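In: give me the fold of what follows.
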Amino acid sequence: MKFAMLLIILALWGGAVLPVSALDLRDVLFHTKEVGTVLFSHKAHIATGAQKNNCRACHDKIFDMKHPVRHTMADMAQGKSCGACHNASAAFPLAHCLRCHPVRNLALPVKETGPVEFTHQEHAGRTPCSTCHPALFIAGKNRPVGMAAMAKGTSCGVCHDGVKAFAVASCARCHSVTDITFKVKETGPVTFTHKNHAGRQSCQECHPKLYSYVKNRHGGMAAMEKGKSCGACHDGKAAFSVSDCSRCHPVKELTFPAKGLSAARFSHKSHLAKNRCEACHPGLYPLKRGKPVGMSAMEKGRSCGACHNGVKAFPVTASCGFCH
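Out: Okay, here's the model as predicted:
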């Protein structure tokens, strides 16, 4: 409602002050190039503080309704416009940008690793908005910046340098990673834990040199023993050797029924403390459970008898109580 109309209404009321509740108080939208749209609520402002039910607190002393002037944030910081009250004394300070400027979380598309979520609220709680806007990022769509550029101090890398904030090399802090389960026909599924590995070395040690960011071909144990895939690190020096099978492949204790005797117990844990998996698999035992072998066959060097011959280990003819 224009100021002239307000004067006419006041005149019709005989000079009496018109109740604020009778006015058509509309929200006002201010469009800014740098930080989007700002909503000003007349009802919210007229309800509290020194301006409660008092339009003259702002009009025309602070805001000239006949000759409105567009003020910048720099003007407000000097006490003009909204800054007349928003000075941390009469009302919250101008530095609390999110109280007026709407922000939302951003999903930044990344082809290799999937979208990265940027949370405005989390960052605004740690640093002033002016740290990023408009010097680093303009309001609206920005050109994507790669990790190499960030590592040189552009974009997110201005703060995420390992001093002001965690370094951009801490990839898992922003890029979502999941555990990966590899299907292994012989031994059952093997789980690769990104979280466990990322806590020990940087992501760049594996990506993209050893593994692309999308689906990779499954590498066999023979290839790993030659330094490929997991074997690039799991060589017994940088990390435990790929020959330590039970560190990745699930093993369990086995029980074999025996006619006329108590069941025979086989402990993987006990045998792995003294032998490598290759001593038994797959030469003596396929990785899938096969047909049971009797004692007479073992005495001829088959199955357990290949080692339990009285030379490498106690003979199968020794006290039955060792196994049964």
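In: T181 belongs to a strand?
Out: Yes - looking at T181 with DSSP: H, G, I helix; E, B strand; the rest coil, it is inside a strand.
In: isn't it up against P189?
Out: Yes - taking contacts as CB atoms under 8 Å, T181 lies within contact range of P189: 5.0 Å. C-beta: built from backbone N, CA, C; applies to glycine.
In: for the stretch 201-324 of the chain, what spans make up the helices?
Out: For the stretch 201-324 of the chain, the helices defined by DSSP state H, counting those that start in this stretch cover 221-225, 268-272, 295-298.
In: average pLDDT for the first one?
Out: If I follow you right, that is helix 221-225. Mean per-residue pLDDT for helix 221-225: 90.
In: that one: how far from the chain's middle?
Out: 32 Å (CA atoms, centre = their mean, to the nearest Å).
In: who are the packing partners of it?
Out: On a contact count with 3 or more CB pairs under 8 Å, 6 or more residues apart in numbering; DSSP states H and E, helix 221-225 meets no helix or strand.
In: which residues does that helix contact?
Out: S229, C230, G231, H234, V242, S243 (CB atoms under 8 Å, 6 or more residues apart in numbering).
In: go again using 6 Å as the cut-off
Out: The contact list for helix 221-225 (CB atoms under 6 Å, 6 or more residues apart in numbering) reads C230, G231, V242.
In: tell me how the protein divides into domains.
Out: Using automatic domain parsing, the domain parsing of the chain gives 3-99, 106-140+151-173, 180-247, 254-322.
In: can you flag the weakest of those domains by average pLDDT?
Out: Minimum mean pLDDT among those: domain 3-99, a mean of 79.
In: quick revisit: need the domains of the chain in a markdown table with mean neighbour count, can you?
Out: Formatted as a markdown table, the domains of the chain follow (neighbours: other CB atoms under 10 Å):
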| stretch | mean neighbour count |
| --- | --- |
| domain 3-99 | 13 |
| domain 106-140+151-173 | 14 |
| domain 180-247 | 14 |
| domain 254-322 | 13 |
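In: of the helices of the stretch 201-324 of the chain, which approaches K111 most closely?
Out: helix 221-225 (27.3 Å; CB to CB).
In: with adjacent residues omitted, what lies nearest to H42?
Out: L25 (3.8 Å; CB to CB, 6 or more residues apart in numbering).
In: helix/strand/coil for that neighbour?
Out: Secondary structure state of L25, per three-state DSSP, is coil.
In: quick one, strands of this structure?
Out: With DSSP state E, the ranges of strands along the chain come out as 28-32, 36-40, 106-108, 116-118, 180-182, 190-192, 254-258, 261-266.
In: how close does V316 sit to S303?
Out: Look at V316 and S303: by CB to CB, to the nearest Å, they are 9 Å apart.
In: equivalent analysis for V168, please.
Out: Applying CB to CB, the value for V168 to S303 is 56 Å.
In: skipping adjacent residues, who's closest to A149 in space?
Out: Counting by CB to CB, 6+ apart, A149 lies nearest to S155, which is 6.4 Å off, once chain neighbours are set aside.
In: before we move on, back to that, in CSV, list the helices of the stretch 201-324 of the chain along with distance to V251.
Out: Below are those laid out as CSV (distance: least, CB to CB, whole Å):
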stretch, distance to V251
helix 221-225, 15
helix 268-272, 4
helix 295-298, 22
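In: out of these, nearest to R104?
Out: Nearest to R104, of all the helices of the stretch 201-324 of the chain, is helix 221-225, at 45.1 Å by CB to CB.
In: would you mind writing the CA trace of the closest one as PDB?
Out: In PDB, the C-alpha atoms belonging to helix 221-225 read as follows (Å, rounded to 0.1, in the frame of the first residue of the first chain):
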ATOM      1  CA  MET A 221      45.600 -64.500  -6.600                       C
ATOM      2  CA  ALA A 222      48.300 -65.400  -9.100                       C
ATOM      3  CA  ALA A 223      48.200 -61.800 -10.500                       C
ATOM      4  CA  MET A 224      48.300 -60.400  -7.000                       C
ATOM      5  CA  GLU A 225      51.400 -62.400  -6.100                       C
END
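In: just to revisit the earlier point, distance to H160 for the strands of the chain - can I get that in JSON lines?
Out: Listed next are these as JSON lines, based on distance: least, CB to CB, whole Å:
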{"stretch": "strand 28-32", "distance to H160": "27"}
{"stretch": "strand 36-40", "distance to H160": "24"}
{"stretch": "strand 106-108", "distance to H160": "14"}
{"stretch": "strand 116-118", "distance to H160": "12"}
{"stretch": "strand 180-182", "distance to H160": "26"}
{"stretch": "strand 190-192", "distance to H160": "26"}
{"stretch": "strand 254-258", "distance to H160": "51"}
{"stretch": "strand 261-266", "distance to H160": "52"}
